[in-house]
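Undergrad: no FASTA, just this:
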């Protein structure tokens, strides 16, 4: 279904009764047409942290948790974020015999919407640890040129060396806009790269060029992955973005050319 028919950006009544039908799937295929030939574009995962999870136990007492949803990048659909928020709100006054039954119910409903098996892990509210980024931060570099919109020609190899490297870079300067509401999305992007050494300044310029771009989180990560793959021609590549929270949710897409490079999910301080 097209996002124009979703509830995103519209005034909405929050449900107080269980409503799995509120979940709104969006097909990935349309945005992936131009990347269909890119190795790894469907390899990886989308991790969602859900900070506003609550339900009633068998005694009718409220329970709360933080959830981590794992959605495979190979799923035919992603789930529109506002519909996911409304779905979890619809569970707030629903009674479950056990936490396991709650998990199984959510996994079934989300899997039906995504068209693939979804996993939900629950954490006590004090147990989801904050991680420190690993690798080389490139935010203090000075790019040679800037662009107001994503420009893959910014990406360059390091012309001063023929070194073959395996590196991990990250930047906190990723910003894009929701294509429906226009609201800004902020994130940290991690790039693991094996091949001829890239120019770090050019990668920073490319990341900055997304500041006025309209695109969903998953689509931005797949475009970054595809452009680096095509322009810099690495042997292996991982792109992983940890976006800040909006509406009680944060979205963290990761794409890899080699499944052995699949990282463990993390939560950063801004999330």
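TA: Yep, that arrived. Just so we're clear, the structure is a prediction, and the values are computed from it rather than from any experiment. Numbers count the residues shown, from 1 in each chain.

Undergrad: can we go C-alpha only for contacts and neighbour counts from here?
TA: OK.

Undergrad: Report the outermost residue of this structure with respect to its centre.
TA: Of all residues in the chain, the one whose C-alpha sits farthest from the chain's mean C-alpha position, using C-alpha atoms, centre = their mean, is residue 59 at 36.0 Å.

Undergrad: residues making contact with the helix or strand of the chain with the lowest mean pLDDT?
TA: Taking mean pLDDT, DSSP states H and E as the measure, helix 29-32 is the helix or strand of the chain with the lowest mean score, a mean of 90. With contact meaning C-alpha atoms under 8 Å, 6 or more residues apart in numbering, helix 29-32 is reached by 76, 219.

Undergrad: Let me know the secondary structure of the residue farthest from the centre of the chain.
TA: When the structure is split into helix, strand and coil by DSSP: H, G, I helix; E, B strand; the rest coil, residue 59 lands in coil.

Undergrad: which ones are touching it?
TA: Residue 59 sits in contact with no residue, where contact means C-alpha under 8 Å, 6+ apart.

Undergrad: Identify each buried residue in stretch 206-219, please.
TA: Neighbour-count burial for stretch 206-219, counted by 16 or more other C-alpha atoms under 10 Å, picks out 206-218.

Undergrad: Stretch 162-178 too?
TA: Judged by neighbour count using 16+ other C-alpha under 10 Å, the buried positions of stretch 162-178 are 168-178.

Undergrad: Among the residues you listed, which one sits closest to residue 268?
TA: Checking the buried residues of stretch 162-178 against residue 268 with C-alpha to C-alpha, the nearest one is residue 172 at 10.6 Å.

Undergrad: Give me the pLDDT for the closest one.
TA: With respect to pLDDT, residue 172 has a value of 98.

Undergrad: Quick check: closest non-adjacent residue to it.
TA: Using C-alpha to C-alpha, 6 or more residues apart in numbering and skipping residues adjacent in sequence, the residue nearest residue 172 is residue 188, 4.2 Å away.

Undergrad: Quick check: beta-bridge partners of that neighbour?
TA: For residue 188, the beta-bridge assignment (DSSP bridges) gives partners residue 242.

Undergrad: For it, list the residues it contacts.
TA: Residues touching residue 188, when contacts are defined by C-alpha under 8 Å, 6+ apart, comprise 170-174, 241-243.

Undergrad: show me where pLDDT drops low in the stretch 1-150 of the chain?
TA: Confidence mapping of the stretch 1-150 of the chain against pLDDT under 70 gives the ranges 1-12.

Undergrad: hey, where'd the helices end up in it?
TA: For the stretch 1-150 of the chain, the helices defined by DSSP state H, counting those that start in this stretch occupy 29-32, 81-90, 99-114.

Undergrad: Using a markdown table, please lay out those together with mean neighbour count and distance to residue 53.
TA: Output for the helices of the stretch 1-150 of the chain, formatted as a markdown table (neighbours: other C-alpha atoms under 10 Å; distance: least, C-alpha to C-alpha, whole Å):
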| stretch | mean neighbour count | distance to residue 53 |
| --- | --- | --- |
| helix 29-32 | 13 | 30 |
| helix 81-90 | 21 | 6 |
| helix 99-114 | 17 | 11 |
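
Undergrad: wait, which of the ones you listed is closest to residue 199?
TA: With respect to residue 199, and counting by C-alpha to C-alpha, the nearest of the helices of the stretch 1-150 of the chain is helix 29-32 at 26.9 Å.

Undergrad: what's the burial count for the closest residue to residue 99 other than its chain neighbours?
TA: Closest residue to residue 99 in three dimensions, ignoring its sequence neighbours and counting by C-alpha to C-alpha, 6+ apart: residue 57, at 7.7 Å. Per other C-alpha atoms under 10 Å, the neighbour tally for residue 57 reads 17.

Undergrad: Residue 57: what's it in contact with?
TA: Under the criterion of C-alpha under 8 Å, 6+ apart, the neighbours of residue 57 are 63, 95-99.
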